[in-house]
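K.L.:
Have a look at this fold, sequence not included:
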Ligand code: NAP
């Protein structure tokens, strides 16, 4: 049993790190150094300082991991019954819960997010393993009626070795939601976490091993995208790539996968609108808009980064939203503030560029708009929670994903204009709708092109609900029973009898 949360937080605050963090790849059931012997630092965004290091992997390490995953597929994992696979995943869920405190503190240090959010991510990861544990022995095929002289049926066979490439904003939960259905479907896994946040993927590997997963079924190679991610995507023995990240990298991943006709699921960026109509419950809408943009300092693919609001309530709503935004506390994630740091200096510089550009174009900054620091230490990579008011539909801060705590406001006169604004970006990930009028809500839900619609509660749903994007937000669906389809290839069998 791991140390309790207060002790772990105290250790991390006092020493700047945690003892015993993993620092090697996890390949074929063992922790191994990079074949090159190289390592790379990982940083605490709340202090801006390196606090741990991991192996810097390359093509040779990827080769070893894919070979292990391929061998395990043929020897052990294909031989396990679906019910046995389910038991492994249930054990994994309980071990994640048992070690939740340590995982949450490691995530908080690596990623920067407030401790309460990190705990939520770990709980969500355990839930993903539990949900797909229950699905393993329910992946049924179909019989197809061809008449009494034939028997035709379908089988859901595992696609094979799967690659999982994840970003830095939700390291453990993004990995959990993609590897749990892959394992449930009978596939083996090679994961490549973001270079900024490699730790919880390695910790998860240890827990899956403790759960009894056979050697080679789950492998983790740490390293940069070009050095470790690219050879993994290009490997001919990888049969499916689940990629979560930016549109630019997703495009490269799809091109590389095309060379081997490897399947891809692409979970890319967003610029999601939160539509607030004048008949909405103001309290509900205010809480929803605040959470939609400031959770994880706005570094969420599905963040509600555009407020699309009816003119009749614009001034009153903005006044109260601004007041509440100014009250949000900033600080190191371990002290569990309302808003933590952004993940890296590079990400902070990107946010600053967008906001300075908006100021230069004369856009009104209702609140925020500047770099900040941890009030206790004066260090870290922080940006003030920011609202940019009355932004034109073609402005760059409406059209591009900033990935920071920056809300851009668009004012509308009608439902038709709300639909036009909601659909008026290259993305189609999420839309939030706040109204008490069911007809308006359902019309907006029908006419907005997005993978998910949240009505009167932003981020409503859980692992049970399929999730994914339209347009440049990607394609394929994670979560829900739908996710299992990505990891199955259907075989049809037809017999004359
Ligand atoms: P990113 O730069 O595209 O990186 C994502 C992952 O791809 C990282 O592991 C990265 O490795 C790896 N990578 C980089 N170059 C690669 C290559 N040539 N081949 C294979 N892999 C490569 O994205 P990010 O900045 O980390 O994440 C932010 C983006 O993710 C945002 O756009 C956000 O909206 C999106 N996102 C989407 C979802 C969703 O569910 N739709 C969820 C979360 C985030 P290194 O980091 O080690 O270089």
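P.N.:
Perfect, I can see it now. Bear in mind that the values here come from a model prediction, so they are computed numbers and not experimental data.

K.L.:
Enumerate the residues of the stretch 151-300 of the chain near the ligand.
P.N.:
With the criterion set to C-beta under 6 Å from any ligand atom, the stretch 151-300 of the chain comes near the ligand through 165-170, 174, 192, 194-195, 224-226, 229-230, 233, 244-246, 249, 252-253, 267-270. C-beta here means a position set from N, CA and C on the backbone, and glycine is covered the same way.

K.L.:
Can you pull the phi and psi angles for the residue of the chain found nearest the ligand?
P.N.:
Nearest residue of the chain to the ligand, counting by C-beta to the nearest ligand atom: residue 225, 2.0 Å away. As for residue 225, its main-chain torsions (degrees, to the nearest 10) stand at phi -60, psi -60.

K.L.:
That one against residue 195, yeah?
P.N.:
Yes. Using C-beta atoms under 8 Å, residue 225 makes contact with residue 195 at a distance of 7.3 Å.

K.L.:
ok, those two, which is more surrounded?
P.N.:
Counted by other C-beta atoms under 10 Å, residue 225 and residue 195 do not tie: residue 195 has more neighbours, with 21 against 17.

K.L.:
So residue 264 belongs to a strand, correct?
P.N.:
Yes. Residue state for residue 264 (DSSP: H, G, I helix; E, B strand; the rest coil) corresponds to a strand.

K.L.:
does it have beta-bridge partners, and which?
P.N.:
Legend: beta-bridge partners of residue 264 under DSSP bridges are residue 241.

K.L.:
cool, the one 10 residues further on as well?
P.N.:
For residue 274, the residues forming beta bridges with it (DSSP bridges) are residue 307, residue 432.

K.L.:
Do you know the pLDDT at residue 339?
P.N.:
At residue 339 the predicted local confidence, pLDDT, stands at 98.

K.L.:
wait, doesn't it sit right on residue 385?
P.N.:
Yes. Counting by C-beta under 8 Å, a contact exists between residue 339 and residue 385, whose distance comes to 5.8 Å.

K.L.:
Give me the distance between residue 254 and residue 66.
P.N.:
For residue 254, the distance to residue 66 equals 19 Å [C-beta to C-beta, to the nearest Å].

K.L.:
Settle it for me: which of those two has more neighbours?
P.N.:
Per other C-beta under 10 Å, whichever of residue 254 and residue 66 has more neighbours is residue 66, with 24 against 17.

K.L.:
how about that one, what does it touch?
P.N.:
Listed by C-beta atoms under 8 Å, 6 or more residues apart in numbering, the contact partners of residue 66 are 161, 190, 232, 235, 237-238.

K.L.:
and the stretch 351-497 of the chain, which of its residues are near the ligand?
P.N.:
Residues of the stretch 351-497 of the chain lying close to the ligand by C-beta under 6 Å from any ligand atom are 401, 403, 469, 474.

K.L.:
which secondary structure element contains the second one?
P.N.:
In this assignment (DSSP states H and E), residue 403 forms part of neither any helix nor any strand.

K.L.:
So for the nearest residue to it once chain neighbours are set aside, what's the pLDDT?
P.N.:
Using C-beta to C-beta, 6 or more residues apart in numbering and skipping residues adjacent in sequence, the residue nearest residue 403 is residue 299, 5.3 Å away. Residue 299 is assigned 98 on the pLDDT scale.

K.L.:
What of residue 3?
P.N.:
Confidence score, pLDDT, at residue 3: 69.

K.L.:
which regions of the chain lie under the pLDDT threshold?
P.N.:
Counting by pLDDT under 70, the chain contains low-confidence residues at 1-3.

K.L.:
which residue is nearest the middle of it?
P.N.:
Nearest to the mean C-alpha position of the chain, by C-alpha atoms, centre = their mean, lies residue 174 at 4.0 Å.

K.L.:
what helix or strand is residue 128 on?
P.N.:
If you go by DSSP H and E, residue 128 is part of helix 115-135.

K.L.:
Check which residues of that helix are buried.
P.N.:
Neighbour-count burial for helix 115-135, counted by 16 or more other C-beta atoms under 10 Å, picks out 115, 117-119, 121-133, 135.

K.L.:
Identify the contacts common to residue 339 and residue 385.
P.N.:
When contacts are counted by C-beta under 8 Å, 6+ apart, the set common to residue 339 and residue 385 consists of 294, 328, 330, 405.

K.L.:
Tell me which two of the residues you listed sit farthest apart.
P.N.:
Across these, the longest distance by C-beta to C-beta is 10.2 Å; it joins 294 and 330.

K.L.:
so what sits against both of these two?
P.N.:
338-339, 385.
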